[in-house]
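Asks: Kindly return the folded structure for what I paste below:
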Amino acid sequence: MVVAKVTAVPIEELIKKHSDVDPFLIKKWERIFSLFFDRNASHQVDWGDFYLVVKKVRDIYGAESVQTDFAKKSLAALWEGLCSIADADKDQLISIDEWIGLLKKTNAQTEPKWFKDYQNFMFKLFDVSCDGVMDLAEYTDGMNTYGFDQAECDAAFHKFSVDKKGQYVPQMKPETWNTYFHQLFYSTNKADLGNNLFGILDF
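Replies: Sure, this is the predicted structure:
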């Protein structure tokens, strides 16, 4: 299949087009789409983007690692799930508008299977020791998969991995991760720590 080159849609245009959604959410959804799904910068998501993530996981953790095996199985299932509900024109490509349309139909109270799968995939990918908690080193390795450097990872982890008093917590539990994951996708409160789960926001 030959894929036509697609021009990136300016964020201002997306905000205007989806005026029924808080602009802050549109900015976050576009960032997630670009950084974590559209890995080949085609401005559309296809299986090739997911394969690039698997390849990066293999490069970082090793071909025979638990992380690589998990990534192969989980991303294949996630891609099939996303296509079944987001690929409106059935062209095996998910555009930024289809992505936003998908998220507009969901929220933190009615999260679909694909969202839970993605949430769990990311935590398990990062939890290299498989001990049920995530520390800075594991978070950094996981974020390296998506092109973040040590300084960016350190700054983000120290910003969100804190207790109710704002004191640094060296390990993060799945429950906290899930809360932050929901905040990243659905919160319109710019002060919520989960907004910085995948790097400190600059908007």
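Asks: Lowest-scoring secondary structure element of this protein by mean pLDDT?
Replies: Using mean pLDDT, DSSP states H and E, helix 66-86 stands out as the lowest-scoring helix or strand of the chain, at a mean of 83.
Asks: for that one, packing partners?
Replies: Packing contacts for helix 66-86, counted by 3 or more C-beta pairs under 8 Å, 6 or more residues apart in numbering; DSSP states H and E, involve helix 47-61, strand 94-95, helix 96-104, helix 113-126. C-beta here means a position set from N, CA and C on the backbone, and glycine is covered the same way.
Asks: and the angle for the third one with helix 66-86?
Replies: With axes from the mean of the first three to the mean of the last three C-alpha atoms, to 10 degrees applied, the angle from helix 96-104 to helix 66-86 works out at 90 degrees.
Asks: gap between helix 96-104 and the chain center?
Replies: Centroid separation for helix 96-104 versus its chain: 14 Å, with C-alpha atoms, centre = their mean, to the nearest Å.
Asks: buried set for stretch 68-76?
Replies: 68, 70-71, 74-75 (16 or more other C-beta atoms under 10 Å).
Asks: still on that earlier bit, tell me the gap between the least confident helix or strand of the chain and the middle of its chain.
Replies: Using C-alpha atoms, centre = their mean, the offset of helix 66-86 from its chain centre is 13 Å.
Asks: C-alpha coordinates for it, PDB please?
Replies: Provided in PDB are the C-alpha atoms of helix 66-86 (Å, rounded to 0.1, in the frame of the first residue of the first chain):
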ATOM      1  CA  VAL A  66      10.800 -10.000  28.900                       C
ATOM      2  CA  GLN A  67      10.200  -6.400  27.800                       C
ATOM      3  CA  THR A  68      10.700  -7.200  24.100                       C
ATOM      4  CA  ASP A  69       8.400 -10.200  24.200                       C
ATOM      5  CA  PHE A  70       5.800  -8.300  26.100                       C
ATOM      6  CA  ALA A  71       6.000  -5.300  23.700                       C
ATOM      7  CA  LYS A  72       5.500  -7.500  20.700                       C
ATOM      8  CA  LYS A  73       2.400  -9.200  22.000                       C
ATOM      9  CA  SER A  74       0.900  -6.100  23.700                       C
ATOM     10  CA  LEU A  75       1.400  -3.600  20.900                       C
ATOM     11  CA  ALA A  76       0.000  -6.000  18.300                       C
ATOM     12  CA  ALA A  77      -3.200  -6.400  20.400                       C
ATOM     13  CA  LEU A  78      -3.300  -2.600  21.100                       C
ATOM     14  CA  TRP A  79      -3.000  -1.800  17.400                       C
ATOM     15  CA  GLU A  80      -5.800  -4.200  16.500                       C
ATOM     16  CA  GLY A  81      -8.000  -2.700  19.200                       C
ATOM     17  CA  LEU A  82      -7.400   0.900  18.100                       C
ATOM     18  CA  CYS A  83      -8.000   0.100  14.500                       C
ATOM     19  CA  SER A  84     -11.300  -1.600  15.300                       C
ATOM     20  CA  ILE A  85     -12.700   1.500  17.000                       C
ATOM     21  CA  ALA A  86     -10.700   4.500  15.700                       C
END
